[in-house]
Structures are given as C-alpha cells and as structure tokens.
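>>> Give me the fold of what follows.
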Amino acid sequence: MIRSSHAGRVVVSLLVLALAARGATADDAAVVATARDLLAKHQEAIVWVSAVVTIQIPGGARAPEQEAETLGTVVDPSGLAIISLEAMNPVTKLMRLGMNLRAQGINLRDIKSELSQVKIRLADGTEVPSKVVLEDSDLGLAFLRPEPPAEGTEPRKFASISLETGGAAEVLDQVIELRRLGKTLDSEPSVSLERVTAVVKKPRELFCTSTHGEGTPVFTADGKLLGIGIMNSEGSTVVVPTVDIVPIADQAKESAPTEAAPAADAAPQ
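Next up, the predicted model:
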C-alpha cells in the first residue's frame, strides 16, 4: 500500500509538471505571436537618425566634426521622432574616445554642441531632412520633426507608434523590443524578447531590462507600449515609461519644425 501511494504521488506530480510545462509553452507561444505581430505592424516606425555634431570647447577650440547615428522611434504621423539624448551628447562621445576632459581643466558644462544635417532615414532608405525641436535632459530624450516639404508638395504621412496605449510591468515580466540592424545587415528590422530586471521608483519610475536598445520601443507581453529605451549619463540603458513621454511629446508636436536646433549643454558628470 505504501508503494502504491508513493507511486500515485509520483504520477500526480509528473502530471502537474506536464500541465505546467504545457501552460508555459502556450504562454511563450502567445508572446512570440505578439512579438511577430508588433514587428510586422510597427517595423517602419523604427528609423535611423543621423547628424553632424560640431563640438565647441572652451578657449575657442573646435573639435573635428563627427557624424553621429542612432536609432529612433516615430511616434506621430507628422514624423515626430524620439531618440536618446545621450546618443548625441558630445561629452559622452569624447569620453568614449578616451579623452579625460577634467584632467585638461575643462568644465564639462562649458562644452557646447551644434547638430546639423539631421536626417531621419526611413525603412525604404529615404532620408528626410529634420530638426531637433525639443530636448528633455530629465527624461534623456530628444524630439525631431521633419522639415516642411517643398512648396506644392503634399506632407508625407509617416508610419508611427501611438503613445496613447501605455503598459505597465513588474520585475521579471517579459517584454518585447523592436530594433533595426545596421547598414551592413541592410537595416533589417529586428525583434527580441527580454525581461524586466528592476523597476526604479526614485526620483522617477524607470524600467531596467536585459535589452540594450537606445531610442527604440519596448512593449509589454500583451503588446502595449511600455516606453522608449535610452542611455543615461552613467551609460546604463533604461526604459522611460510612456506616461512620462506623452506630455513632452505633446509639447514637441507644437514646436515649429523650422526652428534652429538648440545648442546642447553638456550634462554635468
């Protein structure tokens, strides 16, 4: 009888494990299907953004012009796009080149930069001249808008991802990130499944994930936009929640696309 009872418990345990595995497989399949749908629906809203960065160093010196390129996400049919502000930060670029600015007696706040020849490169390879219309150093985001079309030309309607349906996530929740590969891989759209590794509450809510995307959208497992990935001043990649982006994006929509791109103060280190 003891053996029979033990065997029964083993059978029940194996059955529970099998059912759990079947449920997990079903859940995984659902997330994969959602990820594929998001990629098919939104891949054209993931764009490359290029610019020429001119850096003005105190004392009148000018660093050589640098070409910068980063990924961005179009969030409005008018072409309004979001990029990670740090991706165009001249101090970050100089640091990456191994320049110890403090050792040279340079105050990082005094370094200025100008962005010129800003272009949004669409999925079909079309380059659209654009302007930086708003920068938010607190959120680490910059907003671009295409320049007005030539006279007599109809405004282009851009593929975009709506900010209206924001999602939420907790630690270890699965998330979906859309990206685009580089030129050597024909800028093919890309998707990956990641996990939320931490949720930062102060000074504002941020999601840390296993992804490394900058300027790219991150969705919850059920397909809602969680936020946009950025690189912060410490070099960490985090996701800014959609709810924080919406009011700033609304301001950017009202900004004139013909205004000059502002000179960016380097963030203090």
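>>> Which of the three states applies to the residue nearest to the spatial centre of the chain?
Centroid-nearest residue in the chain, with Cα atoms, centre = their mean: residue 215, separated by 2.3 Å. Secondary structure state of residue 215, per DSSP: H, G, I helix; E, B strand; the rest coil, is coil.
>>> so what's it up against?
Contacts for residue 215 were tallied using Cβ atoms under 8 Å, 6 or more residues apart in numbering; they are 49, 70, 71, 72, 73, 82, 83, 84, 87, 228, 229, 230. Just so you know, the C-beta spots here come from the backbone N, C-alpha and C atoms, and that holds for glycine as well.
>>> Would you map the helices across the chain?
Ranges of helices in the chain, per DSSP state H, are 2-42, 90-96, 242-254.
>>> can you tell me which of those helices the model trusts least?
Across those, helix 90-96 has the smallest mean pLDDT, namely a mean of 57.
>>> Show me how far stretch 181-200 is from its chain's centre.
10 Å (Cα atoms, centre = their mean, to the nearest Å).
>>> Same question for stretch 115-135.
In terms of Cα atoms, centre = their mean, the gap separating the centre of stretch 115-135 from the centre of its chain is 16 Å.
>>> ends of that stretch, how far apart?
12 Å (Cα to Cα, to the nearest Å).
>>> One more: stretch 149-158?
13 Å.
>>> and it, what's its mean pLDDT?
Rounded mean pLDDT across stretch 149-158 is 85.
>>> quick one: contacts of it?
45, 74, 76, 77, 78, 79, 122, 128, 146, 148.
>>> For the second one, name its beta-bridge partners.
Just to be clear, that refers to residue 74. Beta-bridge partners recorded for residue 74 (DSSP bridges): residue 81.
>>> Any idea how many residues pack against it?
Using other Cβ atoms under 10 Å as the criterion, residue 74 is surrounded by 24 other residues.
>>> Hmm, it is touching residue 49, no?
No. Taking contacts as Cβ atoms under 8 Å, residue 74 lies outside contact range of residue 49: 10.1 Å.
>>> which residues are common contacts for these two?
Listed contacts common to residue 74 and residue 49 are 81, 120; contacts here mean Cβ under 8 Å, 6+ apart.
>>> From residue 225, how far out is the residue nearest to the centre of the chain?
The gap separating residue 215 from residue 225 is 14 Å, by Cβ to Cβ, to the nearest Å.
>>> tell me the domain ranges of this protein?
The record, using automatic domain parsing to delimit domains, assigns the chain the ranges 44-160+249-265, 164-242.
>>> remind me which residues of the stretch 51-200 of the chain are low pLDDT?
Low-confidence segments of the stretch 51-200 of the chain (pLDDT under 70): 58-63, 89-111.
>>> Show me the strands in it, by range?
Remark: strands assigned in the stretch 51-200 of the chain by DSSP state E, counting those that start in this stretch are 61-74, 81-84, 112-121, 127-136, 141-146, 174-180, 189-200.
>>> Just put those in TSV and tack on distance to residue 254.
Formatted as TSV, the strands of the stretch 51-200 of the chain follow (distance: least, Cβ to Cβ, whole Å):
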stretch	distance to residue 254
strand 61-74	17
strand 81-84	16
strand 112-121	19
strand 127-136	9
strand 141-146	10
strand 174-180	27
strand 189-200	30
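>>> Return the most buried member of those.
With neighbours taken as mean count of other Cβ atoms under 10 Å, these reach their highest mean count in strand 81-84, at a mean of 28.
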